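S.K.: Here is the input, now give the coordinates:
(chains A and B)
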Protein chains: 2
Amino acid sequence: MKTIDVCLSPDLMHLYKVHDRTVVVVDIFRATSCMTTALAHGIESITPFASLDDCRAMKAKGYFTAGERDGKKVDGFDLGNSPFEYMAGSLKGAKIAFTTTNGTQAIAKSAGAKEIIIGSFLNLSAVAKYLRHGDNNVLVVCAGWKGKVNLEDTLFAGALVELLKDHIEPDCDAPIAAQHLYNQAKNDLEGFLKNASHVKRLARLNVFKDITFCLTPDQFNVIPVLKENVLVPHVVS
Amino acid sequence: MKTIDVCLSPDLMHLYKVHDRTVVVVDIFRATSCMTTALAHGIESITPFASLDDCRAMKAKGYFTAGERDGKKVDGFDLGNSPFEYMAGSLKGAKIAFTTTNGTQAIAKSAGAKEIIIGSFLNLSAVAKYLRHGDNNVLVVCAGWKGKVNLEDTLFAGALVELLKDHIEPDCDAPIAAQHLYNQAKNDLEGFLKNASHVKRLARLNVFKDITFCLTPDQFNVIPVLKENVLVPHVVS
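M.R.: Next up is the predicted model:
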């Protein structure tokens, strides 16, 4: 049986071999929720950058610049980190250069993986189906918050472990812990997360609508897949 | 209100400031359970060593050498990593030099903390009482398994968060996650852990009696406290 493991923080990536795995990068609030929403709304591609300056430089090449630092839109960038911004019809066919505090760093640290895809509650079932039919063992990489473990990314990892339990087995304790937490939380994700540190941080920024949306499963059947360092849409039918 | 945080792996210690905190090091299977048992049975002191060779060298200075690598007793050492070995009357007043795969490494990585104490289920309530009456914020450092997060140490961290919830507040997501897991597991810790990776590893070594004992709360009111790099007993009354 294939296996699934969970890396609860990008700062633990040195413990995992990724060359033969499909890595699922998750940053629920809000990078990977934005990426999923964008590619589901006709945006052509998203190029992730760990560095702010590298991202900014893409403006001159005709890209829309997008992203945040510490939860806030970057000065001078075209787009921030709310999924609703990525639904605009005017962005159809656009190329986006994207950088965030945690999400794009987690993608950078997953370099060398056999395959890198993007997960969020918005495309949860599509990701589960893709992994079930794939050939590779799986590693879910939680973006966390500046290296620290967070609840919302852990819950998403647990949701994948739970959905795949008849097909892919946990190969360590982190996936088991994440699965237990998800099963405790699944009937009211938002209620379960009300004391989570990032939810409090976002509440201060008044983005309650984003929180609710990012926790809504199965809005899209699109998975952002990294091909030559660019995220492009893969539709799961 | 004081705060409590949980470092789920020694490989995340760079994220935490410890100079003003009481650090509780935990390695349930079995280093910190052994240390607690030993000091509760009249052993005078335990000197932890991260390095096997440094530990071995203490034999010439009249110390008993103790510890394991990969769960197994080290060749030529006097004692292994089963708490029952530390109950022998012949060890009363002895000094022990101790090294383990994960536990003593976690102590080494906690260097610089305002105070370092040792926790296990065996002295759970004593540790909780000590922290409640102490002046410092708290960091629980889970020894894990070679850098990876494990369930049993996370459950102990969660037990402390739960017992202290009216007095010390969680200051990030890891303590909240650990508390949720503990509350799910507390009525049957051993059953909850049956799929945990280290329990499977120990089951292969046939140490079922150790597993049961290490998960039994409140056997002792002694806390090993690090003073000048040596663990000595502190009795909580």
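
S.K.: Chain A against chain B: which residues are in contact?
M.R.: A:8-9, A:11-12, A:14-15, A:145-151, A:154, A:170, A:172-174, A:176-177, A:180-181, A:184, A:195-198 (CB under 8 Å from any CB of the partner chain). For glycine as for every other residue, the C-beta is placed from the backbone atoms N, C-alpha and C.

S.K.: Would you mind listing which of those are buried?
M.R.: A:8-9, A:11-12, A:15, A:145, A:147-151, A:154, A:170, A:172-174, A:176-177, A:180-181, A:184, A:196-198 (16 or more other CB atoms under 10 Å in any protein chain shown).

S.K.: And the strands in chain A, which stretches?
M.R.: With DSSP state E, the ranges of strands along chain A come out as A:2-7, A:21-26, A:45-48, A:64-69, A:72-73, A:95-99, A:115-119, A:137-142, A:168-170, A:222-227, A:230-235.

S.K.: The ones you listed: lowest mean pLDDT?
M.R.: Mean pLDDT values for those show the minimum at strand A:72-73, a mean of 88.

S.K.: Cross the residues of chain A next to chain B against helices and list the overlap.
M.R.: Using DSSP state H, the members of the residues of chain A next to chain B that fall in helices are A:151, A:154, A:173, A:174, A:176, A:177, A:180, A:181, A:184, A:197, A:198.

S.K.: got the angle for the lowest-mean-pLDDT helix or strand in chain A vs helix B:173-185?
M.R.: Every helix and strand of chain A was ranked by mean pLDDT, DSSP states H and E. The lowest is helix A:197-204, at a mean of 78. Counting by axes from the mean of the first three to the mean of the last three CA atoms, to 10 degrees, helix A:197-204 lies at 120 degrees to helix B:173-185.

S.K.: so what's residue A:140 up against?
M.R.: Taking CB atoms under 8 Å, 6 or more residues apart in numbering or on different chains, we find residue A:140 in contact with A:4-7, A:23-24, A:26, A:119, A:156-157, A:160, A:175, A:178.

S.K.: Could you rerun that using 6 Å?
M.R.: Applying CB atoms under 6 Å, 6 or more residues apart in numbering or on different chains, we find residue A:140 in contact with A:6, A:24, A:157, A:160.

S.K.: what do you get for residue A:3?
M.R.: When contacts are counted by CB under 6 Å, 6+ apart, residue A:3 touches A:137, A:169, A:171.

S.K.: Same check on residue A:33?
M.R.: Residues near residue A:33 by CB under 6 Å, 6+ apart: A:83, A:120, A:122, A:214.

S.K.: Is it correct that residue A:23 is in contact with residue A:137?
M.R.: No. The pair residue A:23 and residue A:137 fails to qualify as a contact (CB atoms under 6 Å) at a distance of 10.2 Å.

S.K.: Give me the neighbour count for residue A:194.
M.R.: A count of nearby residues for residue A:194, using other CB atoms under 10 Å in any protein chain shown, gives 11.

S.K.: what's the answer for residue A:112, then?
M.R.: Other residues lying near residue A:112 total 12 when counted by other CB under 10 Å.

S.K.: now residue A:72, nearest residue through space, not along the chain?
M.R.: Among residues not flanking residue A:72 along the chain, residue A:205 sits closest, at 7.1 Å (CB to CB, 6 or more residues apart in numbering or on different chains).

S.K.: Could you do residue A:233 as well?
M.R.: In space, residue A:233 is closest to residue A:39, 4.0 Å off (CB to CB, 6+ apart).

S.K.: which residues touch that neighbour?
M.R.: By CB under 6 Å, 6+ apart, the contact set of residue A:39 is A:222, A:224, A:233.

S.K.: now, among these, which is nearest to chain B?
M.R.: Set against chain B, the nearest of these by CB to the nearest CB is residue A:224 (25.0 Å).

S.K.: wait, that closest one sits on residue A:234?
M.R.: No. Assessed by CB under 6 Å, residue A:224 is found out of contact with residue A:234, at 7.6 Å.

S.K.: what about the two, which has more around it?
M.R.: Each of residue A:224 and residue A:234 has its neighbours counted (other CB under 10 Å); residue A:224 has more, 30 against 17.

S.K.: Quick check: the gap between that one and residue B:164.
M.R.: Distance check for residue A:224 against residue B:164: by CB to CB, to the nearest Å, it reads 42 Å.

S.K.: Kindly report the same for residue A:35.
M.R.: Residue A:35 sits 39 Å away from residue B:164, going by CB to CB.

S.K.: higher neighbour count, the two?
M.R.: Taking neighbours as other CB under 10 Å, residue A:35 and residue B:164 compare with residue A:35 leading, 34 against 21.

S.K.: re the thing from before, in ChimeraX, how would I select just the buried ones from the contacts of residue A:3?
M.R.: In ChimeraX, a selection of the buried entries from these looks like this (16+ other CB under 10 Å):
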select /A:137,171
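
S.K.: Any chance of CSV for the contacts of residue A:3, columns distance to residue A:53?
M.R.: Shown next, in CSV, are the contacts of residue A:3 (distance: CB to CB, whole Å):
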residue, distance to residue A:53
A:137, 35
A:169, 43
A:171, 38
